[in-house]
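*Asks:* Following is a predicted model, sequence given first.
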Number of protein chains: 2
Amino acid sequence: MKKYEQIVEDIEAYIHDNELAQGTRLSSVESYAAHYQVSKSTIIKAMDILEKKGAIFQQRGSGVFVRRQRRKGYVSLLTNRGFTEELKDFAVTTQLLKLELMKPTEEVMLNLKLSGEDEVYYVERLRDIDGNRLCIEASYFPKKIVTYLNSEIAEGSIFNYLTEGLKLNISFADIYLHVDTLNEEQGEKLQLHAGAPALFVEQVVYLGTGEPFDYSKLTYHYQHSKFFVQAINF
Amino acid sequence: MKKYEQIVEDIEAYIHDNELAQGTRLSSVESYAAHYQVSKSTIIKAMDILEKKGAIFQQRGSGVFVRRQRRKGYVSLLTNRGFTEELKDFAVTTQLLKLELMKPTEEVMLNLKLSGEDEVYYVERLRDIDGNRLCIEASYFPKKIVTYLNSEIAEGSIFNYLTEGLKLNISFADIYLHVDTLNEEQGEKLQLHAGAPALFVEQVVYLGTGEPFDYSKLTYHYQHSKFFVQAINF
């Protein structure tokens, strides 16, 4: 872990552990630099990351302030720590429905920028939160990037495997949402009836190089899911 | 408009007008600095804003690349240019249902950090897109910040009035989403039946100083709305 990453984690933990209220002023860049014995530019870099994560806001000339003001139990749309990490105060469990290596469909090729020569891992899972069905998750991973997957991995945190096992540098994501009603099969998987409302999320996740490596479709149980987005530069 | 803001607009327009594909490499910081006759730090600042806006991504050591890859007709959850700006390829119209100065409820006080002494403008509007009902929008603005509102303003773009008339520095927002069914009254306003699915959005928008100035509840017609989010630091 690089020095600025450690500082980002430290400051996040400090805000969290001390339950600092929105608007609380943090120490100056200078005093953080002295404390960590690093250059001001290292602190400025850490602050920029904290701002992008929605943990702080910076007011030119007047300082750095705590932002994070999350409502409990809301899932962030803007991060993919995976539910395992994101909802760590809750018991999130996973049921693997399907894992197979296949040829991509047109839609998958388009979203993952693949050709007909490529192969993808298809993973379908059900996620529960505190014993309640949270969502159906159907994901496609190109084999040329996600070189190996098995059911043991897919039953746990794929996110951890990708970042720690395969050392992928997960960077940004395009997320599309709409609301509609469930069909018969979706209703059954979510323990709801056909015609019940649901949030349908499609996401394409990219490496730092700009290559897409994960195209996922998530279908959420409307009674067991609430979402949170922190917008910067609104 | 400051120099770096002009550069941000220029580069966005360049990407848009030339329909540059995702992953297209842009010129180097040095060559932009030479072109605009500004310092490298001004260009770096412009690039950081473009990254936050999801228009580009930066890859350390290897350059700056085009990101923007929006699906047409999707509303961004992360910006509040107002629909007027955001959906400019579409005809967005507004019908003002209510405008009044009132005492805030507990919920409004909590979200806008007000006391019982304060007053808020309450604005309720219906928005249509290409002749189809898009959403019901109910907004609360604290009078001490949004000092004046009338129906002429509320029938147009409140966003433009706040930024250009009142010169407010709109900065960041907390957005909460969930899916549920419509009640009788909501169904009527959205030209749907009670029990139809809908996306319910609550947002608190902040000034650069961290003061909340807009608490809005939006209820979207599920057939006429689709949303887009660009996540950085996923």
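*Replies:* Yep, it's here.

*Asks:* for the nearest residue to A:Met1 once chain neighbours are set aside, helix, strand, or coil?
*Replies:* What sits nearest to A:Met1 in space, not counting adjacent residues and going by CB to CB, 6 or more residues apart in numbering or on different chains, is A:Glu9, at 7.9 Å. From N, CA and C alone the C-beta is placed, and that goes for glycine too. Following DSSP: H, G, I helix; E, B strand; the rest coil, A:Glu9 is assigned to helix.

*Asks:* so what pLDDT did A:Glu9 get?
*Replies:* pLDDT, A:Glu9: 92.

*Asks:* Nearest residue to the residue in chain A positioned nearest to chain B in space, please, no chain neighbours.
*Replies:* Among all residues of chain A, A:Pro197 sits closest to chain B, at 3.0 Å; criterion: CB to the nearest CB. Distance criterion CB to CB, 6+ apart; nearest residue to A:Pro197, sequence neighbours excluded, is B:Pro197 at 3.0 Å.

*Asks:* sorry, back to before: surely the residue of chain A closest to chain B touches A:His178?
*Replies:* No. Counting by CB atoms under 8 Å, A:Pro197 does not reach A:His178; the two are 11.3 Å apart.

*Asks:* so where's chain A uncertain?
*Replies:* A:68-70, A:79-89, A:234 (pLDDT under 70).

*Asks:* okay, now the domains of chain A?
*Replies:* Using automatic domain parsing, the domain parsing of chain A gives A:3-66, A:75-228.

*Asks:* A:Phe147: what secondary structure?
*Replies:* One thing to correct before we go on: residue A:147 is Thr, not Phe. Secondary structure of A:Thr147, per three-state DSSP, is coil.

*Asks:* Quick check on the residue of chain A positioned farthest from its centre: phi, psi?
*Replies:* What lies farthest from the middle of chain A is A:Ala34; by CA atoms, centre = their mean that is 32.9 Å. Phi and psi for A:Ala34, reported as degrees, to the nearest 10, are phi -70, psi -40.

*Asks:* Check the gap between it and A:Ser28 for me.
*Replies:* Distance of A:Ala34 to A:Ser28, computed by CB to CB, to the nearest Å: 9 Å.

*Asks:* most packed of the domains of chain A?
*Replies:* Mean neighbour count (mean count of other CB atoms under 10 Å in any protein chain shown) peaks for domain A:75-228 among those, with a mean of 17.

*Asks:* Pull up the distance across that one, start to finish.
*Replies:* 6 Å (CA to CA, to the nearest Å).

*Asks:* residue ranges of the helices in chain A, please?
*Replies:* Along chain A, counting by DSSP state H, helices occupy A:3-17, A:29-36, A:40-52, A:82-86, A:106-112, A:151-154, A:158-160, A:184-189.

*Asks:* Adding distance to A:Arg133, write the ones you listed out as a markdown table.
*Replies:* Below are these laid out as a markdown table (distance: least, CB to CB, whole Å):
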| stretch | distance to A:Arg133 |
| --- | --- |
| helix A:3-17 | 29 |
| helix A:29-36 | 44 |
| helix A:40-52 | 32 |
| helix A:82-86 | 13 |
| helix A:106-112 | 25 |
| helix A:151-154 | 18 |
| helix A:158-160 | 19 |
| helix A:184-189 | 8 |
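
*Asks:* picking that back up, tell me the contacts of the residue of chain A closest to chain B?
*Replies:* Contacts for A:Pro197 (CB atoms under 8 Å, 6 or more residues apart in numbering or on different chains) come out as A:Val179, A:Asp180, A:Thr181, A:Leu182, A:Tyr222, B:Val179, B:Asp180, B:Thr181, B:Ala196, B:Pro197, B:Ala198, B:Tyr222.

*Asks:* For the second one, name its beta-bridge partners.
*Replies:* Beta-bridge partners for A:Asp180, by DSSP bridges, are A:Ala198.

*Asks:* hang on, isn't it packed against A:Ala198?
*Replies:* Yes. Under the criterion of CB under 8 Å, A:Asp180 makes contact with A:Ala198 at 6.6 Å.

*Asks:* Give me the contacts around stretch A:12-30.
*Replies:* The contact list for stretch A:12-30, computed with CB under 8 Å, 6+ apart, reads A:11, A:35, A:40, A:43-44, A:47, A:50, A:53, A:55-56, A:63-69, B:210.

*Asks:* Format the CA atom coordinates belonging to that stretch as PDB.
*Replies:* Presented in PDB, the C-alpha positions along stretch A:12-30 are these (Å, rounded to 0.1, in the frame of the first residue of the first chain):
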ATOM      1  CA  GLU A  12     -11.500   7.700   6.900                       C
ATOM      2  CA  ALA A  13     -11.100   5.500  10.000                       C
ATOM      3  CA  TYR A  14     -10.600   8.700  12.100                       C
ATOM      4  CA  ILE A  15     -13.800  10.200  10.800                       C
ATOM      5  CA  HIS A  16     -15.700   7.000  11.300                       C
ATOM      6  CA  ASP A  17     -14.400   6.000  14.700                       C
ATOM      7  CA  ASN A  18     -14.900   9.500  16.100                       C
ATOM      8  CA  GLU A  19     -18.300   9.800  14.500                       C
ATOM      9  CA  LEU A  20     -17.400  13.300  13.200                       C
ATOM     10  CA  ALA A  21     -20.400  15.300  12.100                       C
ATOM     11  CA  GLN A  22     -20.800  16.800   8.700                       C
ATOM     12  CA  GLY A  23     -19.000  20.100   8.500                       C
ATOM     13  CA  THR A  24     -16.300  19.300  11.100                       C
ATOM     14  CA  ARG A  25     -13.100  20.900  10.100                       C
ATOM     15  CA  LEU A  26     -10.100  18.600   9.700                       C
ATOM     16  CA  SER A  27      -6.500  19.600  10.400                       C
ATOM     17  CA  SER A  28      -4.600  21.600   7.800                       C
ATOM     18  CA  VAL A  29      -2.600  20.100   5.000                       C
ATOM     19  CA  GLU A  30       0.500  21.400   6.700                       C
END
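
*Asks:* From the chain's centre, how far out is that stretch? Work that out for me.
*Replies:* Centre-to-centre, stretch A:12-30 and its host chain are 23 Å apart (CA atoms, centre = their mean, to the nearest Å).

*Asks:* With stretch A:173-180 instead?
*Replies:* 14 Å.

*Asks:* ok, and what's touching it?
*Replies:* Against stretch A:173-180 from outside (CB under 8 Å, 6+ apart): A:77-78, A:80, A:197-206, B:69, B:71, B:74, B:77, B:179, B:197-199, B:220, B:222, B:225-231, B:234.

*Asks:* So which of the residues you listed belong to strands?
*Replies:* A:197-206, B:179, B:197-199, B:220, B:227-231 (DSSP state E).

*Asks:* for A:Glu19, phi and psi?
*Replies:* phi 50, psi 50.

*Asks:* Can you tell me how far it is from B:Lys40?
*Replies:* In terms of CB to CB, A:Glu19 sits 40 Å off from B:Lys40.

*Asks:* can you list the domains of chain A in TSV and add distance to B:Cys135?
*Replies:* Formatted as TSV, the domains of chain A follow (distance: least, CB to CB, whole Å):
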stretch	distance to B:Cys135
domain A:3-66	24
domain A:75-228	12
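
*Asks:* who wins for proximity to B:Phe141 among those?
*Replies:* Set against B:Phe141 and scored by CB to CB, those come closest in domain A:3-66, at 19.1 Å.

*Asks:* Distance from the chain centre to that closest one, please.
*Replies:* Using CA atoms, centre = their mean, the offset of domain A:3-66 from its chain centre is 22 Å.

*Asks:* With that, I have no additional questions.
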